[in-house]
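# Have a look; sequence and predicted model below, questions after that.
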Amino acid sequence: MRAVTVSAKTVELAVQEALQRLQVGRERVDVLVLKAPSRGFLGIGAKLAQVEVSIVEDPVGDAERFLRELFVTMRLAVKVTTEVSGDQVVFDLSGDRVGLLIGKHGQTLDAIQHLVTAVGNKYASRSVHFVVDAQGYRERRRQQVLYTARKAAEKAVALRREVFLDPMSAAERKIVHLALEGRTDVKTESRGTEPDRKIVIVPGVAGPTGTGQVRKRVGS
């Protein structure tokens, strides 16, 4: 629900009822008075006030304010740099203790990103893709995952057995799948349940010409 039309005895009463329906504060809405109230004559012909109250969308501002308030609560001096490109918004965090916000394999950063996405898109009519990074960590981690995936694929082919990678997030598993899907000598599968879901790299079965033949990746 992004907008409601409400009638009441006064404009203010109509606005208050609209705010309750929308579950937002007065500062988050625009109010359009469609009809002014009229008392009529001796109570005859009285008309109610009618207003249209709509939520003001500001997904980037909502997300950024949430981040800054979070760091104040955590008593961390963190600088937030915002970059908007189409429907993607990247918040890059920097500061002396920014490592605390990354966590093991970026798990803390992922958790913050999940919260930012929920807050930023709460009142948005169209979903915005939020990315929370910390001094280029995402790209460094991506390169590390790519290197691990390629080394594991070579190992699976050389030993002719399955090679299991450590549990990864869905985003990192996608990186591995995409990195290896063009190869003809291995396939990738995702096995297990969250948060321990992991990728297994399976060597292909050599065909008549010795070329590994594999199926497409399974799962995500």
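Structure's in. What do you need? Numbers count the residues shown, from 1 in each chain.

# and the closest residue in space to Asp196 that isn't next to it in sequence, how far is that from Val116?
Spatial nearest neighbour of Asp196, chain neighbours left out: Pro167 (4.8 Å); criterion: CB to CB, 6 or more residues apart in numbering. Using the backbone N, CA and C atoms, a C-beta is placed for each residue, glycine as well. As judged by CB to CB, to the nearest Å, Pro167 and Val116 stand 23 Å apart.

# related to what we said a few turns ago, tally of neighbours for the residue nearest to Asp196?
By the criterion of other CB atoms under 10 Å, Pro167 has 15 neighbours.

# which residues touch the lengthiest helix in the chain?
Under DSSP state H, the helix in the chain containing the largest number of residues is helix 137-159. Applying CB atoms under 8 Å, 6 or more residues apart in numbering, the contact partners of helix 137-159 are 102, 105-106, 109, 131, 162-163, 165, 168, 172, 175-176, 179-180, 183, 185-186, 199, 201-204, 212.

# Check which residues of it are buried.
Burial within helix 137-159, assessed by neighbour count using 16 or more other CB atoms under 10 Å, is assigned to Tyr137, Arg138, Arg141, Val145, Thr148, Ala149, Ala152, Ala153, Ala156, Val157.

# would TSV of those with distance to Glu83 be doable?
Shown next, in TSV, are those (distance: CB to CB, whole Å):
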residue	distance to Glu83
Tyr137	15
Arg138	13
Arg141	18
Val145	23
Thr148	28
Ala149	28
Ala152	33
Ala153	33
Ala156	38
Val157	40
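
# Tell me the one of those nearest Leu70?
Tyr137 (17.5 Å; CB to CB).

# and Ala111, what does it touch?
Gly103.

# if I look at it, how far off is Val202?
31 Å.

# what's the answer for Thr82, then?
42 Å.
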